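Colleague: Below: sequence and its predicted model.
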Amino acid sequence: MLGRGLQMTRVICRLMSRKLSAGLHRNILKNMHPSIDIWSVRSSLKNIRSVTMAPWPFSSSGPRDYSLPNPSWRSEMQRLYEHYNSMCEVETEGGEKLKGPWIRLASYNRALKYAPGGQCLSKFLQAKARLFTRNIEEQGAGFEYVVFVNKQEKTCVCVFQAGHLLEGPPGLVHGGAIATIMDSVTGTHAAYLSGPVMTANLTINYRSPIPLGSVVLVHSSVGEIDGRKTLLSCQVTSSDGSKLHTEATGLFISVSVGNLLM
Ligand SMILES: CCCCCCCCCCCCCC(=O)SCCNC(=O)CCNC(=O)[C@H](O)C(C)(C)COP(=O)(O)OP(=O)(O)OC[C@H]1O[C@@H](n2cnc3c(N)ncnc32)[C@H](O)[C@@H]1OP(=O)(O)O
């Protein structure tokens, strides 16, 4: 038993020192396998401050990718997905990479699954935990979204369709759900740019309500990157860009993987 625990500790340290990032929070190892020595995991990770991880470092094969089209997507969502996807980097059958300025970021239901081997680890580390935005299994009922990053301009766009379980005022999207998608998009963008981060501050102005079921665009762009601080601005607009629904600024602080686990 002890041998297995030590072996698992080493696997976790190796994985985390290489890959784990933003969405991994400090309590993720609570309730894990009892033979894993969390103190040795923590001391191994304490000094790691990997703040550069461009381009997006996570494995894109394996677990279900929630950002791919599904039958619940409205035609507007599908059209916008195809619009951005057509400008993404593609690999031809001959293995040649045709450069496009955009890349689509895969999206899993647990942050752990971004790391190689994380899919396996996720089966026993807080096995019931799910990423907040990906915890509704019914397609189209909650957050349907796909995130694209423009490598050249360092901007990010998310196509978001708000499902019927996100209601706040009658027929309109809940402000907390809007904050959630803005935090997720800017948090993902910050992690793409700066490595492991935590949201320190998110300031939101709600300008016009978002009808439930509608498809909107969430834009994120860099305000400033200064040492550990990544400041981003974010706007939610109608799908044709003509109407501003919400705007926000988000401050993200780079943290070491060890800090996330304390
Ligand atoms: C694997 C993942 C894949 C990604 C995909 C998954 C997608 C999911 C994406 C989901 C994303 C969801 C993401 C989530 O939901 S993250 C969850 C929500 N956020 C938190 O729980 C964060 C809680 N806070 C903290 O942990 C600490 O306070 C942090 C880490 C933020 C800073 O504590 P730390 O001790 O480390 O730093 P410091 O105090 O030395 O300060 C350092 C500098 O920062 C400045 N500062 C600090 N705070 C503020 C503030 N509030 N306003 C203005 N400035 C602030 C400070 O003045 C200083 O500046 P300077 O004096 O140096 O100039």
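Modeller: Thanks, I have it.
Colleague: Need phi/psi at H189.
Modeller: Dihedral pair for H189: phi -60, psi -40, per degrees, to the nearest 10.
Colleague: got it, and L80?
Modeller: Torsion angles at L80 (phi, psi; degrees, to the nearest 10) stand at phi -70, psi -40.
Colleague: ok, it to W73 distance?
Modeller: 10 Å (CB to CB, to the nearest Å). Quick note: C-beta positions are derived from backbone N, CA and C, even for glycine.
Colleague: swap in S220?
Modeller: Per CB to CB, S220 is found 21 Å from W73.
Colleague: tell me which element the residue in the stretch 101-250 of the chain positioned nearest to the ligand falls in.
Modeller: Closest approach between the stretch 101-250 of the chain and the ligand, counting by CB to the nearest ligand atom: G187, at 2.6 Å. Using DSSP states H and E, G187 sits within helix 175-194.
Colleague: Point out the other helices and strands that that helix packs with.
Modeller: strand 143-150, strand 155-162, strand 197-206, strand 215-226, strand 229-238, strand 244-254 (3 or more CB pairs under 8 Å, 6 or more residues apart in numbering; DSSP states H and E).
Colleague: what packs against the first one?
Modeller: Under the contact criterion of 3+ CB pairs under 8 Å, 6+ apart, strand 143-150 touches helix 75-85, strand 102-105, strand 155-162, helix 175-194.
Colleague: Name every strand pairing with that strand and say which way it goes.
Modeller: strand 102-105 (antiparallel), strand 155-162 (antiparallel) (DSSP bridges).
Colleague: The fourth one too?
Modeller: As defined by DSSP bridges, the strand partners of strand 215-226 come to strand 155-162 (antiparallel), strand 229-238 (antiparallel).
Colleague: which residues make contact with that strand from outside it?
Modeller: With CB atoms under 8 Å, 6 or more residues apart in numbering as the contact definition, strand 215-226 has outside contacts at 74, 76-77, 80, 145, 154-162, 181-182, 185-186, 189, 193-194, 210, 230-239, 241, 245, 249.
Colleague: next one: the first one
Modeller: Under the contact criterion CB under 8 Å, 6+ apart, strand 143-150 has outside partners 56, 67-68, 70, 72-73, 77, 81, 84-85, 88, 101-105, 107, 133-134, 136, 155-163, 166, 177, 180-181, 184-185, 188-189, 192, 218.
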